[in-house]
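K.L.:
task: produce atomic coordinates for the following.
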Amino acid sequence: MFRYGKRLGKLFAVGGYLPRILLASVIGFVTGLVAVAFHFSLGWATYVVRLPWESAGALPKWSFAFVPMIGGLIVGLVIYKFTRTPEAAGQGTDNMIRSFHREGGVVRARVAPVKFFTSIVTLASGGSAGYEGPISQIGSGIGSGISRLFRLPKAMRGQFMLAGTAAGLGAIFKAPLAGALTSVEVLYREDFESNAFATSIVSSVVAFTVYIALVGTEPAIAGVPAIPFTNGIELLACAVLGVLCFPFSFLYVRCYDLCETRFARWKIPDWLKPAVGGAFVGAIILVFPQVAGGGFGFIGEIMHGLVPHGLFGILFLLAIAVAKIVATAFTVGSGGSGGVFGPSLFIGGVLGAMFAGICEMLFPGAVRMPEMFILVGMAAFFAGAAKAPIAGVVMVCEMTGSYSLLPGLMIAAVMHIAFSRPWTIYKSQVLNKFASPAHRCDMDVDVLQVTSVGEVMEPREIKRLDAGSPLSDALKLIDLNCIYPVYDRGEYAGLLDMQAVKSTFLSSPELAQHLLVSDCTVRAPMLAETMDLHAALKVFTRIEIDELCVKDRQGNLVGTLSHSAIFRAYETLVSSNQ
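P.N.:
Next comes the predicted model:
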């Protein structure tokens, strides 16, 4: 099986454009089927979970507040106890971005099924999260798995991982162009992955075709009236709404980061944290039931005539927007499985409705159809929070089935980004391709060859580990965030594999008592301090390790060098030559 996979892999690696398109089609087809399964499974699970509150002899409404906590407990147990798949916790899109930049486009095979199940549990039990995070990570897992099956090189694994992401987004939101744009734009704050656009388009279109054939062609947000864009007053109002979004996106990002950081530092079992987050969400749902789940049903309600025209209505929508921000932070930041893209559309839509109410109250009749601001707010808020202006605008157009508001959507998105450049909801985003480890071979060779490793390395004393020592003893003396060379009978044998060590503790802590340091050692060369940075970069690319030891002419350890240090040195050299 693997022999044939390797042969096919060679075909796809060197066979040109058409074989890559064919493989992207396969990824799109498989991801489309999974998206269909996710859609129907979520609908069934939501119906079953909420049946006791909607049938005859229904339970009191307040009792539903306990359901998110129960759902969080199930999610925590599945992720941390039963499957030991911590990558499935939190927002899936950020995990996908980190896999592309830092992990060579590799997603463990178990991530997709675990994310599938835990996301359904989170959403069906009332957790405030989006669909896009789960399906983007599931799609990226499918793309990564198929890439590994065909033994594709690292440079192509990321490309097909993005194809899987595009397929998942294009299918679940019925937005093929937006799915492809999101997958290549969300990786960076000020750039996009142009090499992956063609394969992402193909996979997204194929997945979209499979999805609508089995689910239906109705837009994700149905019943939106045609709203033509006609005058400069409306354009100015859209720009003002874009500016209005930026303090709320700052609150959204800060609140999420704060929750994620506090829960990560909290000294309680990881499997219990989603349940605690669910308990807070349940308390919020008691007051604002509109924030439960994805929330697109409420957006549809306000779109169909419930635009506020008084101070009470405006304050009510303001409270719902803040409640959604806090509920999403507790749901996803505590380790619940979901996305932050969907909630950002909800928050933006509610802010747009609030802005429409303000316009009607202060300038009655100035805007022909105030509900247009609901759509403008959705596009603007996501564009600024995720630093994806094109994807955000096109996503709203395709989800609603209308491009008539495109000028207003674009100006609002640009205005929001202009005021929100310092922050993003996706922490794994990098500034551009030069800041991405996935593109560290794209640097100018001539610039790298004039600088030696010794000029850039970090000089420091490095603790050596003996290959024959028990792993449990060594772990008492080291920091898991540093690197440690391993010596066997006085000869350099490699580096302690921190990923293997962390995986050992996560899966079975007692196993460390029976392992030697040599059992968790990975073969990794030392860098000579006289080596130039281009040669060092080729070593990093070949072995896919982020930091290596440096030796002098006598073979003595004198420091360490990381790939990020090479990038910083490159950036300094380029800047000084301009």
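K.L.:
and the helix ranked longest in the chain, what's buried?
P.N.:
When the chain is parsed with DSSP state H, its longest helix is helix 17-54. Buried positions in helix 17-54, judged by neighbour count with 16 or more other CB atoms under 10 Å: 20, 23-36, 38-39, 42, 45-46, 49-50. (Glycine included, C-beta is placed from N, CA and C.)
K.L.:
what does stretch 562-578 give?
P.N.:
562, 563, 565, 566, 567, 569, 570, 573.
K.L.:
so for the longest helix of the chain, what's the average pLDDT?
P.N.:
Helix 17-54 carries an average pLDDT of 89.
K.L.:
so which elements touch it?
P.N.:
Where contact means 3 or more CB pairs under 8 Å, 6 or more residues apart in numbering; DSSP states H and E, helix 17-54 is packed against helix 2-14, helix 111-124, helix 132-149, helix 154-172, helix 197-215.
K.L.:
send me the last one as PDB with only the CA atoms.
P.N.:
Taking only C-alpha atoms (Å, rounded to 0.1, in the frame of the first residue of the first chain), the coordinates of helix 197-215 have been written out as PDB:
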ATOM      1  CA  PHE A 197      -5.100  29.600  -4.400                       C
ATOM      2  CA  ALA A 198      -5.700  27.400  -7.400                       C
ATOM      3  CA  THR A 199      -5.900  24.200  -5.500                       C
ATOM      4  CA  SER A 200      -8.100  25.900  -2.800                       C
ATOM      5  CA  ILE A 201     -10.500  27.100  -5.400                       C
ATOM      6  CA  VAL A 202     -10.900  23.600  -7.000                       C
ATOM      7  CA  SER A 203     -11.300  21.800  -3.600                       C
ATOM      8  CA  SER A 204     -13.800  24.400  -2.400                       C
ATOM      9  CA  VAL A 205     -15.900  24.300  -5.500                       C
ATOM     10  CA  VAL A 206     -16.000  20.500  -5.500                       C
ATOM     11  CA  ALA A 207     -16.900  20.400  -1.800                       C
ATOM     12  CA  PHE A 208     -19.600  23.000  -2.300                       C
ATOM     13  CA  THR A 209     -21.100  21.000  -5.200                       C
ATOM     14  CA  VAL A 210     -21.200  17.900  -3.100                       C
ATOM     15  CA  TYR A 211     -22.700  19.800  -0.100                       C
ATOM     16  CA  ILE A 212     -25.500  21.600  -2.000                       C
ATOM     17  CA  ALA A 213     -26.500  18.400  -3.800                       C
ATOM     18  CA  LEU A 214     -27.300  16.700  -0.500                       C
ATOM     19  CA  VAL A 215     -28.300  19.700   1.700                       C
END
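K.L.:
and the next helix or strand past it?
P.N.:
Counting by DSSP states H and E, the next helix or strand C-terminal to helix 197-215 is helix 232-265.
K.L.:
so which elements touch that next one?
P.N.:
Counting by 3+ CB pairs under 8 Å, 6+ apart, helix 232-265 packs on helix 273-287, helix 311-333, helix 341-362, helix 372-386, helix 406-419.
K.L.:
rerun at 10 Å
P.N.:
strand 90-91, helix 273-287, helix 311-333, helix 341-362, helix 372-386, helix 406-419 (3 or more CB pairs under 10 Å, 6 or more residues apart in numbering; DSSP states H and E).
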